[in-house]
Structure formats: structure tokens, C-alpha cells
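> Have a look at this prediction, sequence included:
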Amino acid sequence: MKEDHEIINDEELKRFFLNEALLLCPSTRADLTESEKLWMLHVRLRKMNKLTGMLCNQDLGEYMLEMQEVLGFYLVEKNESKKKKFRMNEHLNRFNQFAIRLTRFSDTLGHCYLFYNRHLRTLERVIKLYFPGEFKKKQEEEVARQGGNTGEKETGNE
């Protein structure tokens, strides 16, 4: 399989990513440099990649069983009002319906995850090609801002 830069030349890829930045990151319409726009897109794509990765790797069936067990305890509790039990049951039912619908799209989520992952790697290659010093500097700033921790919270300009 050919890499993206083997199909589309680097200048066209850069132009593509700048246009995509306009679509996915509305604040890039401001007076920013190309490297800033591409970095904002990079942050956005990384978050999208992380979200689809999390959704792909969740066992929703297991969570649904756990939710039913936890809420089931409250539904049989004698001290709770029938109205509150009914409301809890409705919430559990809605969550289960959502989880079931989401599992139907697991193959699509997998494709989205792979697409965003490849897209992100191609964008990184373009940024490194055109703005090598700035890319490294932005990565270092981000690591410093996160305190060297690669935990859950993502930061960056959007």
C-alpha cells in the first residue's frame, strides 16, 4: 500500500491539511501562521483519534451488566420511592439502548480509528517536513504543559 505522500505531492498535502484545519478548527480562520494552523489541526485530530480508540476498545456489554447490577440494587431498595425507581430504570434503559446502538457501529469505529491514526501520522510528516523546528518545539511545550504526564487530559490551542 502506497503512503499518502507517494500518491499526493507534499505541497498538495500541506494545502489539503490547511483547508481541513479551516473546517475542523474554526479558530484557524484568524490571522495565524501555517504552522500554527497545522498544529491546531494536529491537536484536534489527536483528540479524535483518542476518542475513536477509546470507543473501539470498550467492552460495552460488560459495562451494561455492571450498570444493571449497580442500579438493580437501588431498584429493589424499599426506602426509595416508586417514582425515583422508575426514573432510574428509564436512565438504565436509555443507556443500554445507546450502548447497543453503539456496538452495531464497532466496525465503523474501527475504520474511523485507523483512518484518523493514518491521517494524524501523515499530518505529522507534513509538519515535520515544512516546520521541523516548530513541530519539535510544540511537542516539548505540550509535554511541559502536561508536566511530563501523558495522562487523559489533552491540552492545546483549538
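Thanks, I have it. No experiment lies behind these values; they were computed from the predicted model shown.

> hey, let's count contacts and neighbours off CA atoms from now on
Noted.

> Count the neighbours of Phe105 for me.
12 (other CA atoms under 10 Å).

> Over to Arg15?
Count around Arg15 with other CA under 10 Å applied: 12.

> Could you tell me what pLDDT the model assigned to it?
For Arg15, the pLDDT comes out at 95.

> For the helix or strand harbouring it, which helices and strands make contact with it?
For Arg15, the host element (DSSP states H and E) is helix 10-24. Where contact means 3 or more CA pairs under 8 Å, 6 or more residues apart in numbering; DSSP states H and E, helix 10-24 is packed against helix 34-56, helix 106-130.

> So which bits of the first one are buried?
Residues 34-50, 52-53, 55-56 are the ones in helix 34-56 that count as buried (16 or more other CA atoms under 10 Å).

> now it and helix 106-130, what's the angle there?
Interaxial angle, helix 34-56 versus helix 106-130 (axes from the mean of the first three to the mean of the last three CA atoms, to 10 degrees): 160 degrees.

> where are the low-confidence patches of the chain?
Low-confidence segments of the chain (pLDDT under 70): 1, 4-5, 71-80, 148-158.

> ok so, going back, export the helices and strands packed on helix 10-24 to a markdown table and append columns for distance to Ser27.
A markdown table is the format used below for these (distance: least, CA to CA, whole Å):
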| stretch | distance to Ser27 |
| --- | --- |
| helix 34-56 | 9 |
| helix 106-130 | 18 |
